[in-house]
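J.: predicted model follows, preceded by the sequence.
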Amino acid sequence: MPFRTGLLFVLLLLCDLCAGQVPEFYKDVQPIIHANCVPCHRTGEAAPFALITFEDVTKRSKFIKQVVSSRYMPPWKADNHYNSFANDRSLSDEDIKTIVGWIDGGTPKGKQNLKAEQELQTRVNAGTAYKRKPDLALKMKEPFMVKGDAAERFVMFKIPFELGQEANVEAIEFTSNNKKLIHHANFAIHPVADPAIDLNNTVDFVDLSGPSGDKYYEWVKYKKEMTYYGGWIPGTTVETYPEDMGWIMPKRGVVLVTVHFGPSSVDAESIDGVNIFFKKTPIKRKVKVISLGSGGIGEKDISPPFMIFADEVKSFRLRIANNQPDVSLLYAWPHMHYLGKEFKAYATTAAGDTVKLVHVPAWDFRWQEIYKYKKPLLLPKGAVVHVEGTYDNTAANPANPHSPPELVMSTGNMRSDQEMMTLILMYVEREAGDENLVFKWN
Ligand code: HEC
């Protein structure tokens, strides 16, 4: 090697090692971890350990290097070439370089700054994944005991509420002391303005899979209206609404929470509810929710009829026209169970355009997400929404809940060993100017 080139090489090498080049924990690494890992890696969430402090992260640095280099973590299953989303938590190449460089460089701490982790810890202690404490934390009265008998359970809980006044909602999240027990959960907010209707003189919970399932009818009087409907599946984050969008929490009513408990081998307590965050600014555009496919609109129109024989890989599709005025979409939320292999949704307009909604090419039951759009996505009146799902009911699918495989259907009871093909959309009515709007998600 000629002398000069050699010198340059040595200098470059030295510079690579000089202090400024190795990323430091507090300055470079912690912000990436807090933004992309901590939504799950914190107490009470789906991941098995927290990644908040310097010690949390350095203790597992070897594993972290592996999982970020292979892109196993953070899990993000949407096809970013099909459509991009505001809540994309996959790491950039730059982020991966920073984390790996820090680990290879001996995990230097740098100048200690505990501010971020103290703030985060306060929020974790407050039991929220949102950026601040909830304004209203509604929880069921008594813990529910999940028996360790390996049975699935559908349980509905009633949480009555009476507030001083209505409130504008900025965000809502499902909460549980133990999310590992839960397959999925839904919540419906029902306003009950009539003071003659007692919110307390009915059952607090109904085990829909048990003998007292018909007690559910005691709640019919609360269900005349519904303000909002949302849910949680493993991997999902807080539901937030940007700008002047949201919905209004009524003064009085009940939250009916449906929790689908997966099979558990040990007895465990479950305490579930919702956290609600209010905003001071007015809500001018009300967020609405629609559910297409299994358990929602058009279930019967799925084609061919939803039935997957043992040892079959099969695709289904659903077409539904938007009969409402033009709408602007905020979120798309695809849902399938264990046999799901691929999910795609798009719309075709009368003008012949295709609106790409979401594509999950390698469905993984464990990593579901409510995908937030960066900008309002126009779904014009008359557009046809297409939902396509492919399912693998063979023994080669490691997630298949039946061994050997069995006939599986889309049934109303939503058991996790049966299937679903559902697309939930959240939207507001279209307004002039939406084409130039970029959502400021919280
Ligand atoms: C959507 C939730 C979620 C996010 C975001 C997430 N994780 Fe995880 N992580 C999990 C869960 C759940 C597990 C345990 C199950 C598994 O390994 O699949 C896990 C496991 C791990 C493991 C152990 C892997 C093993 O093989 O034992 C490491 C290390 C890890 N995560 C690091 C990270 C890092 C670093 C980030 C951010 C860059 C991150 N995770 C983001 C949910 C998440």
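T.: Okay, I see it.

J.: per-residue pLDDT, residue 124?
T.: pLDDT for residue 124: 83.

J.: can you confirm it is in a helix?
T.: Yes. Looking at residue 124 with DSSP: H, G, I helix; E, B strand; the rest coil, it is inside a helix.

J.: roughly how far apart are it and residue 38?
T.: 8 Å (CB to CB, to the nearest Å). Any C-beta I mention is one placed from the backbone N, CA and C, and that applies to glycine too.

J.: show me whatever sits in contact with both of these two.
T.: Residues touching both residue 124 and residue 38 (CB atoms under 8 Å, 6 or more residues apart in numbering): 50, 52.

J.: which of the two has more residues huddled nearby?
T.: Neighbours of residue 124 and residue 38, each counted by other CB atoms under 10 Å, are more numerous for residue 38; the result is 22 against 18.

J.: from residue 44, how far out is the more buried one?
T.: Note on residue 38: its distance to residue 44, by CB to CB, is 12 Å.

J.: check residue 362 too.
T.: Distance, residue 362 to residue 44, by CB to CB: 28 Å.

J.: neighbour count: those two, which is higher?
T.: residue 44 (15 against 11).

J.: and stretch 119-126, how far from the chain's centre?
T.: 20 Å (CA atoms, centre = their mean, to the nearest Å).

J.: who's in contact with residue 96?
T.: When contacts are counted by CB under 8 Å, 6+ apart, residue 96 touches 68-69.

J.: sticking with it, tell me its helix or strand.
T.: helix 93-104 (DSSP states H and E).

J.: near the ligand, anything from that helix?
T.: No. Helix 93-104 lies out of reach of the ligand by CB under 6 Å from any ligand atom, never closer than 7.2 Å.

J.: quick check: buried residues in that helix?
T.: By neighbour count on 16 or more other CB atoms under 10 Å, the buried set for helix 93-104 is 95-96, 98-100, 102-103.

J.: again with stretch 199-207
T.: Within stretch 199-207, the residues that qualify as buried by neighbour count (16+ other CB under 10 Å) are 199, 202, 205-207.

J.: for whatever helix or strand residue 258 lives in, what is the average pLDDT?
T.: Here residue 258 sits within strand 252-261, counting by DSSP H and E. The average pLDDT within strand 252-261 is 95.

J.: partner strands of the helix or strand just after that strand, with direction?
T.: Remark: after strand 252-261, the chain's next helix or strand is strand 268-270, criterion DSSP H and E. Paired with strand 268-270 in the same sheet, following DSSP bridges, are strand 144-146 (antiparallel).

J.: show residues contacting the stretch of helix or strand residue 356 belongs to.
T.: Element membership for residue 356, per DSSP H and E: strand 354-360. Where contact means CB under 8 Å, 6+ apart, the residues beyond strand 354-360 that reach it are 77-79, 82-83, 329, 332, 334, 342-349, 371, 377-379, 383, 385, 423, 425.

J.: cool, stretch 97-115 as well?
T.: Contacts for stretch 97-115 (CB under 8 Å, 6+ apart): 21-29, 32-33, 54, 57-58, 61-62, 64-65, 68-69, 91.

J.: and residue 218, its phi and psi?
T.: Backbone torsions for residue 218, taken as degrees, to the nearest 10, come to phi -60, psi -20.

J.: does it touch residue 202 like I think?
T.: Yes. The criterion here is CB atoms under 8 Å, and residue 218 meets it with residue 202 at 4.0 Å.

J.: which of the buried residues of stretch 199-207 fall in strands?
T.: Among the buried residues of stretch 199-207, DSSP state E puts 205-207 in strands.

J.: closest to residue 440 among those?
T.: Nearest to residue 440 among those is residue 205, at 38.5 Å by CB to CB.

J.: gap between the two ends of stretch 362-372?
T.: In stretch 362-372, first residue to last residue: 19 Å (CA to CA, to the nearest Å).

J.: state the mean pLDDT of it.
T.: 89.

J.: quick one: buried residues of that stretch?
T.: For stretch 362-372, a neighbour-count test (16+ other CB under 10 Å) marks 363, 365, 367-372 as buried.

J.: out of the residues you listed, which is nearest to the ligand?
T.: Of all those, the ligand sits closest to residue 367, with 6.2 Å by CB to the nearest ligand atom.

J.: quick revisit: which ones among the contacts of strand 354-360 map onto strands?
T.: When the contacts of strand 354-360 are checked against strands (DSSP E), the matches are 329, 332, 334, 342-348, 371, 377-379, 385, 423, 425.

J.: can you tell me which of these are up against the ligand?
T.: Among the ones in strands among the contacts of strand 354-360, proximity to the ligand is found for none (CB under 6 Å from any ligand atom).

J.: my read is that residue 138 contacts residue 272, right?
T.: No. Between residue 138 and residue 272 there is no contact under CB under 8 Å: 9.8 Å.

J.: between those two, which one's more packed in?
T.: Taking residue 138 and residue 272 together and counting by other CB under 10 Å, residue 272 has the greater number of neighbours (28 against 19).
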